[in-house]
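Colleague: following is a predicted model, sequence given first.
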Amino acid sequence: MPTTDHKFHLENTYKNLPASFYSFQSPVPVAAPKTVLYNEKLADTLGLNFQTSIAEYLSGNQLIAGAQPLAQAYAGHQFGHFTMLGDGRAILLGEQVTPDQKRVDIQLKGAGRTPYSRQGDGRATLYSMLREYLISEAMHHLGIPTTRSLAVVATGEKVFRGEHHDGAILTRVAGSHLRVGTFEYARNVRTLEELQALIDYTIDRHYPDLKNAENPTLGLLETVMDQQIDLIVDWMRVGFIHGVMNTDNMSIAGETIDYGPCAFMNAYDPKTVFSSIDTQGRYAYGNQPNIALWNIVAFANALLPLIADDEDQSIEKAQKVIDGFKAKFSQKWTQMMFGKLGLRQVEDKDKSLVDRLLALMEKYKADYTQTFLALHEDRDLDTPLFQAEDFKQWKEDWHRFSPDKSWMKKYNPNIIPRNHWVENALNSAVEGDMQPFNELMERLSQPYGEHPEGVRFEVMDGGIDSGYQTFCGT
């Protein structure tokens, strides 16, 4: 029988949805579970206190008391093409009710085959699960809404991805795993009654204030759109490129989800792509706002039948919300960039100062993070950008606005998870040496803190990311 020393208080409201939205599925036991990482600080916020058997419970070999494990059904547009999906290698154990009465999903990723696995093996590599742990926790410390990582447990088994790799399971914590793709599934495959049940559940769980709205479904569309705008602006603030912004990876809870082919940009270039499968640049850094809008349109299409009884009225109402996307995004992005430059007393017409800087950074292949950090510290770097006459003129124009350096600090991290740091830490970890990983994790836990000058301003060639690729763990 499961012990209670871990203090899980699991519920599972998701199973109250129609049965078409999930399949009950227990994790597939693994050969020799061993804890590689356990996030004690996150565990504390969740009200957990493991004394024994972390690996047994967080591998799925032992079932936590109260768990009702299931795999969720959903669909999605992947690179613009609609397809049926579902949790092919993830199992939702339930929802932990935290000491402050928040409700979060506890999911095992890499926990074995499910009815939605198709040709997949339902497993994950140690490398990819360590990567999600590191990047998701880095995003959290950067102040960006994200799923979290509670633990990585090695399985003692091999996973084949072109060659054999060590297997692992990640315990992912999320506001929920509801996605745009969940609504697309309900709209395109199920009934309107099931779609209504999903809408009601989502509002009840995430946006209860909408219950009393004149049009709760339309309110849900606008609220999710606004949250997505805030999220993408935050991504762009730190140079994050998600890499696989399919509609099944857009969380209704407004969190960053799925850390497969993602990375952070070094040299500024809006066309930067790191995903091995994004050969056309659909999800490039600078195209993320357009894709967010594309995904919102897909969300609106899924909601249309329940926005209004009359189809034309429904389209008109949804279109009015969607038409506000570009203006809202532009306003929030501009405010964010003004913040990065410490500009508080400015108007929209002053946006040309931002545009000029970004054009110069692209021209001279300037490091995105270091450029703003150097401006914050009144430092001239030994780089082509800082030596260029057109940039020196830009700086003079910028100083006329009397930038507030304290304002800049909250917008500009001192460090990000640089790709070569990440790869070194992961490669060492899968070989059994966790020290580089732990040291990097400690560094990334304080991105706005003080760090050695050599870390903050590490000399890097402008083409350091040339040819760098990240991969989907499946």
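Modeller: Looks like it arrived, so ask away. Residues are numbered from 1 along each chain as shown.
Colleague: next, count neighbours for the closest residue to Ser445 other than its chain neighbours.
Modeller: Nearest non-adjacent residue to Ser445, counting by Cβ to Cβ, 6 or more residues apart in numbering: His141, 5.1 Å away. Just so you know, the C-beta spots here come from the backbone N, C-alpha and C atoms, and that holds for glycine as well. Burial of His141 is recorded as 16 neighbouring residues (other Cβ atoms under 10 Å).
Colleague: go on, Ala55?
Modeller: 23.
Colleague: so what's the residue nearest to Ser445 up against?
Modeller: 444-447 (Cβ atoms under 8 Å, 6 or more residues apart in numbering).
Colleague: mind giving me the ChimeraX select for those, buried ones only?
Modeller: To isolate the buried members of the contacts of His141 in ChimeraX, using 16 or more other Cβ atoms under 10 Å:
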select :444,447
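Colleague: and of the contacts of His141, the nearest to Ala67?
Modeller: Using Cβ to Cβ, Ser445 comes nearest to Ala67 of the contacts of His141, at 29.7 Å.
Colleague: need the phi and psi values for the closest one.
Modeller: Main-chain dihedrals, Ser445, degrees, to the nearest 10: phi -80, psi -10.
Colleague: ok, now which ones touch the residue nearest the centre of the chain?
Modeller: Nearest to the geometric centre of the chain sits Thr256, at 2.2 Å (Cα atoms, centre = their mean). Going by Cβ under 8 Å, 6+ apart, Thr256 touches 136, 139, 144-147, 231, 235, 242.
Colleague: tell me how this structure divides into domains.
Modeller: Domain assignment for the chain by automatic domain parsing gives 10-174, 179-474.
Colleague: JSON lines for these, including mean pLDDT?
Modeller: Below are the domains of the chain laid out as JSON lines (pLDDT from 0 to 100):
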{"stretch": "domain 10-174", "mean pLDDT": "96"}
{"stretch": "domain 179-474", "mean pLDDT": "95"}
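Colleague: ok, back up a step: how far away is the residue nearest to Ser445 from Leu444?
Modeller: Using Cβ to Cβ, to the nearest Å, we find His141 at a distance of 6 Å from Leu444.
Colleague: for Val153, grab phi and psi.
Modeller: phi -120, psi 120.
Colleague: okay, it and Asp433: tell me how far apart.
Modeller: For Val153, the distance to Asp433 - Cβ to Cβ - is 18 Å.
Colleague: which one's more surrounded, these two?
Modeller: Higher neighbour count among Val153 and Asp433: Val153, with 30 against 12, using other Cβ under 10 Å.
Colleague: quick one on the thing from earlier: if any of the contacts of Thr256 are buried, give me the PyMOL selection for them.
Modeller: Buried members of the contacts of Thr256, defined by 16+ other Cβ under 10 Å, are picked up in PyMOL with:
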select buried, resi 136+139+144+145+146+147+231+235+242
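Colleague: now, among the contacts of Thr256, which is nearest to Pro29?
Modeller: Pro29 lies nearest to Thr147 out of the contacts of Thr256, by Cβ to Cβ, at 24.8 Å.
Colleague: chain center to the host helix or strand of Glu362, what's the gap?
Modeller: Assessed by DSSP states H and E, Glu362 sits inside helix 351-363. Distance of helix 351-363 from the chain centroid (Cα atoms, centre = their mean, to the nearest Å) equals 27 Å.
Colleague: now stretch 301-317
Modeller: Using Cα atoms, centre = their mean, the offset of stretch 301-317 from its chain centre is 30 Å.
Colleague: which residues sit against that stretch?
Modeller: 180, 183-184, 186-188, 192, 195-196, 199, 215, 217-218, 220-221, 318.
Colleague: how about 6 Å then?
Modeller: The contact list for stretch 301-317 (Cβ atoms under 6 Å, 6 or more residues apart in numbering) reads 183-184, 187, 192, 196, 217-218, 221, 318.
Colleague: repeat for stretch 212-223
Modeller: Taking Cβ under 6 Å, 6+ apart as the rule, stretch 212-223 contacts 199, 203, 207, 210, 300, 303, 306-307, 317, 321.
Colleague: go again using 10 Å as the cut-off
Modeller: Stretch 212-223 is contacted from outside by 183, 195-196, 199-200, 202-203, 206-207, 209-211, 252, 254, 296, 299-300, 302-308, 314, 317-318, 320-322, 324-325, 328, using Cβ atoms under 10 Å, 6 or more residues apart in numbering.
Colleague: what would the contacts of Thr256 look like in JSON lines with secondary structure and distance to Ile277?
Modeller: Converted to JSON lines, the contacts of Thr256 look like this (DSSP: H, G, I helix; E, B strand; the rest coil; distance: Cβ to Cβ, whole Å):
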{"residue": "Ser136", "secondary structure": "helix", "distance to Ile277": "20"}
{"residue": "Met139", "secondary structure": "helix", "distance to Ile277": "21"}
{"residue": "Ile144", "secondary structure": "coil", "distance to Ile277": "23"}
{"residue": "Pro145", "secondary structure": "coil", "distance to Ile277": "25"}
{"residue": "Thr146", "secondary structure": "strand", "distance to Ile277": "22"}
{"residue": "Thr147", "secondary structure": "coil", "distance to Ile277": "21"}
{"residue": "Leu231", "secondary structure": "helix", "distance to Ile277": "22"}
{"residue": "Trp235", "secondary structure": "helix", "distance to Ile277": "19"}
{"residue": "His242", "secondary structure": "coil", "distance to Ile277": "13"}
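Colleague: how about the secondary structure of Leu170?
Modeller: strand (DSSP: H, G, I helix; E, B strand; the rest coil).
Colleague: show me where the stretch 101-250 of the chain has helices.
Modeller: 126-141, 180-189, 192-206, 216-238 (DSSP state H, counting those that start in this stretch).
Colleague: adding distance to Gly281, write the ones you listed out as TSV.
Modeller: As requested, the helices of the stretch 101-250 of the chain are exported to TSV (distance: least, Cβ to Cβ, whole Å):
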stretch	distance to Gly281
helix 126-141	21
helix 180-189	21
helix 192-206	32
helix 216-238	16
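Colleague: the residue in the chain sticking out farthest from the centre and Val354, how far apart?
Modeller: Largest separation from the mean C-alpha position in the chain: Glu389, at 38.5 Å (Cα atoms, centre = their mean). Look at Glu389 and Val354: by Cβ to Cβ, they are 20 Å apart.
Colleague: same deal with Val224?
Modeller: 27 Å.
Colleague: correct me if wrong: Ala65 contacts Glu11.
Modeller: No: Ala65 is not in contact with Glu11 according to Cβ atoms under 10 Å; the separation is 11.8 Å.
Colleague: which residues sit against stretch 318-328?
Modeller: 217-219, 221-223, 225-226, 228-230, 233, 289-290, 292-293, 296-297, 299-301, 303-304, 307-308.
Colleague: flag every buried residue along it.
Modeller: Buried residues in stretch 318-328, counted by 16+ other Cβ under 10 Å: 318, 321-322, 325.
Colleague: next: stretch 161-172.
Modeller: The neighbour-count check on stretch 161-172 (16+ other Cβ under 10 Å) flags 161, 165-172 as buried.
Colleague: stretch 93-104 too?
Modeller: For stretch 93-104, burial by neighbour count (16+ other Cβ under 10 Å) applies to 93-97, 104.
Colleague: turn those into JSON lines, columns for distance to Arg118 and secondary structure.
Modeller: Shown next, in JSON lines, are the buried residues of stretch 93-104 (distance: Cβ to Cβ, whole Å; DSSP: H, G, I helix; E, B strand; the rest coil):
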{"residue": "Leu93", "distance to Arg118": "22", "secondary structure": "strand"}
{"residue": "Gly94", "distance to Arg118": "25", "secondary structure": "strand"}
{"residue": "Glu95", "distance to Arg118": "27", "secondary structure": "strand"}
{"residue": "Gln96", "distance to Arg118": "29", "secondary structure": "strand"}
{"residue": "Val97", "distance to Arg118": "33", "secondary structure": "strand"}
{"residue": "Val104", "distance to Arg118": "28", "secondary structure": "strand"}
